[in-house]
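*Asks:* model this:
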Amino acid sequence: MLRLLGILFTVLCAIAAAVLTFPGFFRVDRYFPIAQIISFRGLLAVAFAIAAILALLLAIVRPLRAFALSLALIALIAAGSNGVILATRGLGTETLPDKTEGSIRVMTWNTAGSATSPETVAQIAVAMDADIVTLPETTIETGEQVALAMRDLGHRMWAHHAEYGEDGWDARSTTLLISPDLGNYSVIESSQDGTSNTSTVPSAVAMPTSGVGPIVVAVHAVAPRPAYMKFWRDDLQWLADQCADAGVILAGDFNATLDHFGGLGVDGGDLGLCHDAAVETGNGAVGTWTTEIPALAGAPIDHVMASTAWKPTGSLVLRSMDGSGSDHRPLIVQLEPAGTQ
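*Replies:* As a prediction, the model looks like this:
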């Protein structure tokens, strides 16, 4: 009887390890509590490694040796598989390539409202030579202060935004800064009135009214808390629907990692037609949230994604800003027109 229970427990552990390692295959990547656990794949890999060590120690007890070795093998395979996935997505790069004539640099930073000063945001955006800056949880008043500070540093930007209500909660507003060099932009009406937008906190869809700039979506999806799971799933589907054109850039706080996008890609894209720029440039496993833990243990939930008209050539997750006030790290991506590569 005990032997049978041991076999059953081993099989259940193998299934659990497979589900957590390959959640998209089992189509459980956007369901509680799997969605929350797989957000931290780095920690998951460490947990499996620790489980393997504990199982090997348990194997010292002779009557339990076969059972313990079976568990150790499962945990080692799971730890190794998660480690390979992390390495494939990229464990971090330190620099961006030099800008070319056609380059666009996109910076996204969830500022956690007033926790990050406008001057700090402006200094980083100018230092990164950003052409597009998306700022979830940032009011238009703060965004305008950032734009003015950038102007004073010799880097002009136009400020746009979308907001839900006027209750003073910064998360109800998303601000977008765009360089005049990309032309004139306007946030579409459905973003501003919420008729077509993310569910609980707003995203801003900005269309070029002149010039040759891309369609820009400043993203903020609701967090996958247990009571908001349906809204979160709807937000991710809405974001995938926005990337149906060759010239789209999505940037912001998706509150989701690459592991949550199963079935949302089109024609090889990760989300709609869009591809994750950090994954393609060596930073896909670097956590942007939370700054309270090391980056490789964190969740890469902030993204810059671009459709087929753009080719990512570099990215950077700024770990040096962990003491700035926000619980998110800035992500900067350099994009080139696809035809120039």
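
*Asks:* use CA for all of it now, contacts and neighbours both
*Replies:* Fine.

*Asks:* what stretches of the chain score poorly on pLDDT?
*Replies:* Residue ranges of the chain with pLDDT under 70: 1, 166-169, 340-341.

*Asks:* now I74. Nearest residue, chain neighbours left out?
*Replies:* Using CA to CA, 6 or more residues apart in numbering and skipping the chain neighbours, the partner closest in space to I74 is A14 (6.0 Å).

*Asks:* what of R65?
*Replies:* A59 (4.2 Å).

*Asks:* and the one you found, how many neighbours?
*Replies:* 19 (other CA atoms under 10 Å).

*Asks:* just give the nearest non-adjacent residue to A49, would you?
*Replies:* Nearest non-adjacent residue to A49 (CA to CA, 6+ apart): A79, at 5.4 Å.

*Asks:* after whichever strand or helix holds A159, next one along is what?
*Replies:* Per DSSP states H and E, A159 falls inside strand 158-163. As assigned by DSSP H and E, the chain's next helix or strand after strand 158-163 is strand 173-178.

*Asks:* quick one: strands adjacent to that next one?
*Replies:* Take DSSP bridges as the rule and strand 173-178 pairs in its sheet with strand 132-136 (antiparallel), strand 158-163 (antiparallel).

*Asks:* how about the nearest residue to Q237, chain neighbours excluded?
*Replies:* Nearest non-adjacent residue to Q237 (CA to CA, 6+ apart): L264, at 6.8 Å.

*Asks:* so that neighbour is in contact with D270, correct?
*Replies:* Yes. At 6.8 Å, L264 and D270 qualify as touching, with contact defined as CA atoms under 8 Å.

*Asks:* how about the secondary structure of A78?
*Replies:* Three-state assignment for A78 (DSSP: H, G, I helix; E, B strand; the rest coil): helix.

*Asks:* show me what contacts it?
*Replies:* 17-18, 21, 45, 48 (CA atoms under 8 Å, 6 or more residues apart in numbering).

*Asks:* from those residues, pick the one nearest Y164.
*Replies:* T21 (36.8 Å; CA to CA).

*Asks:* which residues does that closest one contact?
*Replies:* Per CA under 8 Å, 6+ apart, neighbours of T21: 38, 78, 81-82.

*Asks:* same question for S39.
*Replies:* For S39, counting by CA under 8 Å, 6+ apart, the contacting residues are 256-257, 259, 299-301.

*Asks:* neighbours of D245, how many?
*Replies:* 17.

*Asks:* assess the claim that it and G272 are in contact.
*Replies:* No. At 9.0 Å, D245 and G272 do not qualify as touching, with contact defined as CA under 8 Å.

*Asks:* residues contacting the residue nearest to A49?
*Replies:* Counted by CA under 8 Å, 6+ apart, A79 has contacts 44-49.

*Asks:* make TSV out of the residues you listed and add secondary structure and distance to L182.
*Replies:* Formatted as TSV, the contacts of A79 follow (DSSP: H, G, I helix; E, B strand; the rest coil; distance: CA to CA, whole Å):
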residue	secondary structure	distance to L182
L44	helix	42
A45	helix	42
V46	helix	44
A47	helix	46
F48	helix	47
A49	helix	48
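
*Asks:* domains in the chain, by residue range?
*Replies:* Annotated domains of the chain cover 2-89, 104-340 [automatic domain parsing].
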